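1. any chance you could fold what I've pasted below:
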Amino acid sequence: YYVVFAGLAVDKTDLTSKIEYIPPGEHKQLPLPASGGKNVKWAAINDYGGSSGTETRPLQ
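-> This next block holds a predicted model:
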């Protein structure tokens with residue numbers, strides 16, 4: 001499945017405009033903000049056009 005982002009942020013830096021989607025089996029790399037960041041937060045657009053729940057994970 002393609003993952004289409006409704007929102008993507010590292011800490012308080014919004015990166016949604018830097019990436020539209022991730023195709024199946026691929027990955028994307030984005031530059032981190034100068035502060036480095038501790039957490040990534042994202043929400044995806046589901047099959048019905050709505051937003052999934054927001055997920056937050058620590059950066060490793």
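
2. paired strands for the lengthiest strand in the chain, with orientation please.
-> Determined from DSSP state E, the single longest strand within the chain is strand 3-10. Strand 3-10 has the following strand partners under DSSP bridges: strand 13-14 (antiparallel), strand 21-22 (antiparallel), strand 39-44 (antiparallel).

3. which one of these lies nearest to Phe5?
-> strand 39-44 (6.0 Å; Cβ to Cβ). C-beta: built from backbone N, CA, C; applies to glycine.

4. pull out the buried residues from the closest one.
-> 40-44 (16 or more other Cβ atoms under 10 Å).

5. what do you get for stretch 2-21?
-> Neighbour count says stretch 2-21 has 5, 8-10, 15 buried, by 16+ other Cβ under 10 Å.

6. what does stretch 40-59 give?
-> Buried residues in stretch 40-59 (16+ other Cβ under 10 Å): 40-45.

7. for stretch 19-34, same thing?
-> Within stretch 19-34, no residue qualifies as buried by neighbour count (16+ other Cβ under 10 Å).

8. gap between the residue nearest the centre of the chain and Gly49?
-> For the chain, the residue nearest the mean C-alpha position is Leu8 (3.4 Å; Cα atoms, centre = their mean). Applying Cβ to Cβ, to the nearest Å, the value for Leu8 to Gly49 is 18 Å.

9. how close does Gly37 get to Pro23?
-> From Gly37 over to Pro23 the distance is 24 Å, taken as Cβ to Cβ.

10. er, Tyr1 I mean
-> Separation of Tyr1 from Pro23 (Cβ to Cβ): 9 Å.

11. can you list contacts of stretch 34-50?
-> The contact list for stretch 34-50 (Cβ atoms under 8 Å, 6 or more residues apart in numbering) reads 3-11, 13, 51-59.

12. hmm, back to that, ok, the buried residues of stretch 40-59 vs Ile19, which is closest?
-> Nearest member of the buried residues of stretch 40-59 to Ile19, counting by Cβ to Cβ, is Trp42, at 9.8 Å.

13. bridged to the closest one, which residues?
-> Beta-bridge partners, per DSSP bridges, of Trp42: Leu8, Glu55.
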